[in-house]
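Asker: have a look at this fold, sequence not included:
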Ligand code: RIB
């Protein structure tokens, strides 16, 4: 079983011809409210890929709260440990331009008060996977991660959005996922001089002493660690919206690893799923089913 401990947002999305620069006002489409949040996205992606998934997080009691769970509930994600707190729900203000690229500002709301104590006792065994991101307090992430690792569970951390944390703060995650920008930021933060995606990922994996996976958009993904160097391709697609593609990769990777796939096989499916997620608008509505992933392979 996969436990996702993380953020739940409502995305307020406007489509624009070109992304606004600082100081610039641009006209966009009518806004859409779409369920999002990196934790919720990864939970749904893993569930659609066939895994049994529990999401632990929090929403507020504002008017928008009900929107946040609209895709997760019908998909069969276990939401019993989602807290309903007084105050605002997490919101992401997103623009998506004609190239499918986005800008995102997150207002954390209830996500800032997610607590490790929400995860029930005896939640983890050696057969389980814990999936984490960086939109909830990292001390809470670590408290849950320690419990999962003590029970022998696999711990996967998606280092998004990037925050300049110290190497010790990654413990006890055995797999760290970054995108190409987060990989470069992390390497710079650690004072690594490597240049080029493969060299950066290899240097990060050596320094962090664990598996590091970097997603590379249309170039697929690359990993370095105890399983050696692994490269997998993306699917050739015309992107309409890349929002949530990285979350799709993380959720689908966790789903296949949780059922016993090798790292290379899980990465191959995850990269295909991430590409498919770029072909539709919005985060959660764009996540592929297991049948769609397998058919694309
Ligand atoms: O990764 C995409 C997600 O980032 C969006 O759904 C938004 O909610 C932000 O958390």
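Answerer: On my side now, so go ahead. Everything quoted here is computed from the prediction, not taken from an experiment. Numbers count the residues shown, from 1 in each chain.

Asker: now the residue nearest the centre of the chain. Nearest residue, chain neighbours left out?
Answerer: The centroid of the chain falls nearest to residue 247 when counting by CA atoms, centre = their mean (3.2 Å). Spatially, and ignoring its direct neighbours in sequence, residue 247 is nearest to residue 41 (3.6 Å; CB to CB, 6 or more residues apart in numbering). C-beta: built from backbone N, CA, C; applies to glycine.

Asker: for this protein, which residue gets nearest to the ligand?
Answerer: Nearest residue of the chain to the ligand (CB to the nearest ligand atom) works out as residue 36 at 2.5 Å.

Asker: now the phi/psi pair for the residue nearest to residue 247, please.
Answerer: Dihedral pair for residue 41: phi -60, psi -50, per degrees, to the nearest 10.

Asker: residue 214 too?
Answerer: Torsion angles, degrees, to the nearest 10, at residue 214: phi -110, psi 130.

Asker: OK, contacts around it?
Answerer: Residue 214 makes contact with 177-180, 182-183, 197, 200-201, 221-223, according to CB atoms under 8 Å, 6 or more residues apart in numbering.

Asker: which of those fall in helices?
Answerer: 180, 182-183, 197, 200-201 (DSSP state H).

Asker: could you export those as JSON lines, including neighbour count?
Answerer: As requested, these are exported to JSON lines (neighbours: other CB atoms under 10 Å):
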{"residue": "180", "neighbour count": "17"}
{"residue": "182", "neighbour count": "22"}
{"residue": "183", "neighbour count": "27"}
{"residue": "197", "neighbour count": "17"}
{"residue": "200", "neighbour count": "24"}
{"residue": "201", "neighbour count": "28"}
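
Asker: how about these in TSV, adding distance to the ligand and pLDDT?
Answerer: Shown next, in TSV, are the ones in helices among the contacts of residue 214 (distance: CB to the nearest ligand atom, whole Å; pLDDT from 0 to 100):
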residue	distance to the ligand	pLDDT
180	15	94
182	12	95
183	16	96
197	20	92
200	21	97
201	20	97
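
Asker: tell me how far the residue nearest to the residue of the chain closest to the ligand when sequence neighbours are not counted lies from residue 115.
Answerer: Of all residues not flanking residue 36 in the chain, residue 11 sits nearest, at 3.7 Å (CB to CB, 6+ apart). Residue 11 sits at a distance of 24 Å from residue 115 (criterion: CB to CB, to the nearest Å).
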